[in-house]
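# Quick one: sequence plus predicted model below, questions after.
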Amino acid sequence: MAVAEIEIKRALEKVALPDGTPLAASGRLTNIVVKDGKVIFAIAINAAEANAFETVRQAAERAVRALPGVSQVLVGLTAEKPAGAAARAPAQPSGQETRLHDAKPSPASAKSAGIPGVKHIVAVASGKGGVGKSTTACNLALGLVALGLKVGMLDADIYGPSQPKLFGITGKPAIDAQRKMVPHERYGVKVMSIGFLVDETQAMIWRGPMVMSALGQMLRDVAWGELDVLVVDMPPGTGDAQLTLAQQTPLAGAVIVSTPQDLALLDARRGVAMFNKVSVPVLGVVENMSTFCCPNCGHVSPIFGHGGARHEAEKLGVPFLGEIPLDMEIRETSDEGCPVMATNPSGAHAQAYLAIAQRVADALKTGSVSRPAPRIVIE
Ligand SMILES: Nc1ncnc2c1ncn2[C@@H]1O[C@H](COP(=O)(O)OP(=O)(O)OP(=O)(O)O)[C@@H](O)[C@H]1O
């Protein structure tokens with residue numbers, strides 16, 4: 001029998017805030033989403049309260065999990081700011097404004113702690129949609145596996161999760177004895193995506209705090225085990241949702257994917273600026289759909305004006321990681337859930353992805369990543 005919202009609120013009356021107020025009556029609860037036994041909500045806090053409220057969050061999770069009919073609970077803490085800083089999420093049917101975490105850069109000490117067992121978290125981002133960010137993230141992850149590393153993939157593109165399709169995986173993750181989600185494993189990569197948990201249309205209507213809450217849980221409430229690198233496929237763009245995600249994820253660095261057109265490069269520049277703003281080192285830029293390889297005659301044409309990303313990377317002072325052509329094999333293998341890096345590892349495309357993976361691995365190992373330039377203040 002499905003659990004009712006009123007029962008959840010009743011259970012939350014027994015959870016007290018640090019000042020003794022019952023959580024249910026505190027006005028800090030966001031919308032409660034209940035679907036197929038899964039309960040998702042967030043507790044609004046000020047950023048400074050994060051530590052004090054972690055025990056409240058855990059108590060709320062325990063209280064709701066104990067209710068009959070509840071199979072899974074996701075509770076997040078959100079520090080909100082008024083609308084105006086809208087995410088890509090559409091407006092709420094209720095007419096409520098979209099609210100997001102405060103996206104101002106925080107000092108490194110305020111950044112969330114790393115994930116136990118995970119050595120490096122690397123974001124793959126793009127300034128705009130459709131440039132091949134997810135395809136690059138997937139093949140980069142597989143390239144890192146080919147280098148002998150233990151690799152995970154977190155699909156954080158909450159409004160258009162592509163990794164289930166790219167890896168050819170469906171189905172909900174199992175829950176282990178510690179009540180953590182067990183990631184699917186394919187081609188040697190542990191994969192977690194919001195696409196495994198809810199259907200796309202449901203995630204589309206989530207408010208900013210719900211998105212952050214779900215992503216936070218996907219980072220921390222997943223049994224990742226020991227990983228050398230966790231690749232995070234970011235939502236495309238450089239809006240507040242992406243900035244908040246970049247700020248709140250303990251990232252070792254970011255890879256920016258761009259196509260060679262001027263417009264996309266402008267977006268890529270915004271991507272670099274976004275990571276600089278939150279003091280996340282940019283590991284480099286990948287030029288995707290660099291040249292077009294004719295499937296009939298094999299002729300290679302630079303249809304978008306090849307080389308722009310390399311030039312732009314030089315100008316921005318960030319490494320150029322490599323280029324991937326626009327090729328039918330890459331599109332077909334991606335659409336079939338058989339990424340080229342796994343299915344044709346000795347082919348030219350896989351070798352190009354492998355070279356990019358090697359540069360990323362080297363940068364992580366040596367720490368030779370491009371850090372944001374220091375700001376000089378003249379008084
Ligand atoms: N190098 C490539 N050659 C051919 N097709 C490609 C290449 N890279 C990506 N594609 C295709 O382009 C489409 C978009 O790719 P992908 O989903 O990776 O982009 P994205 O930037 O992650 O998009 P979104 O903004 O939707 O998240 C897919 O159909 C993919 O197969």
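Looks like it arrived, so ask away.
# where's the spatially most central residue of the chain relative to residue 249, distance?
Central residue of the chain (Cα atoms, centre = their mean): residue 156, 2.9 Å from the mean position. Distance, residue 156 to residue 249, by Cβ to Cβ, to the nearest Å: 8 Å. Bear in mind the C-beta positions are built from the backbone N, C-alpha and C, glycine included.
# Likewise for residue 11?
On the measure of Cβ to Cβ, residue 11 and residue 249 end up 30 Å apart.
# So the chain: which segments form each domain?
Domain ranges of the chain: 5-81, 118-366, per automatic domain parsing.
# what's the span of the last one, first residue to last?
Start to finish, the residues bounding domain 118-366 are 17 Å apart (Cα to Cα, to the nearest Å).
# So what's the gap between it and the chain middle?
With Cα atoms, centre = their mean, to the nearest Å as the basis, domain 118-366 stands 9 Å off its chain's centre.
# anything in that domain near the ligand?
Yes. Using Cβ under 6 Å from any ligand atom, domain 118-366 reaches the ligand at 126, 129-135, 157, 160, 162, 236, 288-289, 324, 326-327, 330-331, 334-335.
# what's around the residue lying closest to residue 321 once chain neighbours are set aside, how many residues?
Nearest residue to residue 321, sequence neighbours excluded (Cβ to Cβ, 6 or more residues apart in numbering): residue 284, at 3.8 Å. Applying other Cβ atoms under 10 Å, we find 23 other residues in the vicinity of residue 284.
# Check residue 261 too.
16.
# distance of it from residue 287?
10 Å.
# Report the set of residues contacting both of these two.
Common contacts of residue 261 and residue 287 (Cβ atoms under 8 Å, 6 or more residues apart in numbering): residue 308.
# pLDDT of the longest strand along the chain, averaged?
Using DSSP state E, we find that the single longest strand of the chain is strand 282-293. Averaging pLDDT along strand 282-293 gives 87.
# Mind giving me the packing neighbours of the very next helix or strand once past that strand?
Counting by DSSP states H and E, the next helix or strand C-terminal to strand 282-293 is strand 300-301. Identification of packing neighbours for strand 300-301 by 3 or more Cβ pairs under 8 Å, 6 or more residues apart in numbering; DSSP states H and E yields strand 282-293.
# Now do residue 98, the pLDDT please.
Confidence at residue 98, expressed as pLDDT, is 24.
# and what of the one 5 residues further on?
Residue 103 is assigned a pLDDT of 31 by the prediction.
# can you check residue 176 too?
91.
# Now do the contacts for it.
Residue 176 neighbours (Cβ under 8 Å, 6+ apart): 182, 223.
# Can you get me a residue count around the closest residue in space to residue 253 that isn't next to it in sequence?
Leaving aside its sequence neighbours, residue 253 sits nearest to residue 283 (Cβ to Cβ, 6+ apart; 4.0 Å). Using other Cβ under 10 Å, residue 283 has 30 other residues around it.
# now the lengthiest helix in the chain against strand 282-293, angle please.
Across the chain, the longest stretch assigned as helix under DSSP state H is helix 348-366. Relative orientation of helix 348-366 and strand 282-293, computed by axes from the mean of the first three to the mean of the last three Cα atoms, to 10 degrees: 170 degrees.
# tell me what helix 348-366 is packed against?
With contacts defined as 3+ Cβ pairs under 8 Å, 6+ apart, helix 348-366 has these neighbours: strand 118-125, helix 133-146, strand 227-233, strand 253-258, strand 282-293, strand 320-326, helix 340-343.
# Which parts of it count as buried, going by neighbours?
349-350, 352-354, 356-361, 363-364 (16 or more other Cβ atoms under 10 Å).
# how many neighbours does residue 18 have?
Quick note: residue 18 (other Cβ under 10 Å) scores 10 neighbours.
# tell me the contacts of it?
Counting by Cβ under 8 Å, 6+ apart, residue 18 touches 52, 53, 56.
# pLDDT at it, what is it?
pLDDT, residue 18: 93.
# where does it land in three-state SS?
With DSSP: H, G, I helix; E, B strand; the rest coil as the basis, residue 18 sits in coil.
# quick one, phi psi at it?
Backbone torsions of residue 18, given as degrees, to the nearest 10, read phi -60, psi -30.
# give me the element residue 266 is part of.
helix 262-277.
# and what of residue 214?
helix 208-220.
# Kindly report the same for residue 114.
Per DSSP H and E: residue 114 is located in neither a helix nor a strand.
# Could you count how many residues lie near it?
Residue 114, neighbours per other Cβ under 10 Å, totals 15.
# what's the answer for residue 315, then?
Counted with other Cβ under 10 Å, residue 315 comes out at 10.
# coming back round to it: what angle sits between the longest helix of the chain and helix 133-146?
Compare the direction of helix 348-366 with that of helix 133-146 by the same axes, to 10 degrees and you get 70 degrees.
# any weak-confidence spans in the protein?
Counting by pLDDT under 70, the low-confidence segments of the chain come to 1, 79-113, 199-210, 262-264, 293, 295, 302-306, 367-379.
# that older thread, ok, the residue nearest to the centre of the chain - contacts?
Contacts for residue 156 (Cβ under 8 Å, 6+ apart) come out as 194, 215, 218, 232, 233, 234, 235, 245.
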